[in-house]
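Participant: need a structure here:
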Amino acid sequence: MATFSSCSSLKQHFIIISLLLAITTGLHSPVTGHFTSIFSFGDSITDTGNLLAVSRSESRRLPSSAFPPNGRTFFHRPSGRRCDGRLIIDFLAEVLGFPFLPPYYGSLEQLEHGVNFAVAGASALNSSFLAERGIASRITNISLGLQVNNFKHFLPSLC
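Facilitator: Reported below is the predicted structural model:
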């Protein structure tokens with residue numbers, strides 16, 4: 001029987017391998033169609049500042065992504081990303097000719113080229129499902145389902 005942590009680790013490796021495969025395949029083959037925007041969902045692997053915005057609106061406690069060394073190498077200031085530089089989604093946007101994706105929560109930027117719904121600490125399952133099983137999220141209650149619902153509410157503003 002697999003433990004929660006081994007399943008989580010396996011999920012992360014699968015996501016990373018899938019993203020890398022998609023990016024490298026896209027770099028070596030011509031893009032068919034015309035893309036005008038990117039929408040990103042996920043957790044800290046693709047969060048461009050949503051956890052920081054959510055933390056500012058819900059509590060006074062800021063996440064570590066609000067402080068150095070996060071963002072120091074590329075952005076020269078904390079960027080809300082849980083890393084020192086850019087994320088895979090940043091490189092993907094750059095390759096496709098898009099600006100970096102702004103975070104959905106608290107964003108005042110133009111969102112015509114896409115938006116990022118990913119939140120560090122997000123789970124694939126909603127918080128009520130996890131709570132019924134005695135699993136509490138220590139970072140955020142935002143799940144993949146909530147990110148998709150936010151996208152559904154955001155979509156009419158584009159179309």
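
Participant: pLDDT below threshold where in this structure?
Facilitator: Low-confidence segments of the chain, defined by pLDDT under 70: 1-33, 108-110, 137-139, 159.

Participant: Now do the helices in it.
Facilitator: 4-28, 50-58, 88-95, 127-132, 144-154 (DSSP state H).

Participant: May I see the buried residues of the third one?
Facilitator: Residues of helix 88-95 classed as buried under the neighbour-count rule (16 or more other C-beta atoms under 10 Å) are I88, I89, D90, L92, A93. Every residue, glycine included, has its C-beta placed from N, CA and C.

Participant: which residues sit in contact with the second one?
Facilitator: Contact partners of I89, counting by C-beta atoms under 8 Å, 6 or more residues apart in numbering, are I38, S40, T46, T48, L101, N116, A118.

Participant: Recalculate using a threshold of 7 Å.
Facilitator: Residues counted as contacts of I89 (C-beta atoms under 7 Å, 6 or more residues apart in numbering) are S40, T46, T48, L101, N116.

Participant: Highest neighbour count among those residues?
Facilitator: Neighbour counts for the contacts of I89 (other C-beta atoms under 10 Å) peak at N116, which has 29 neighbours.
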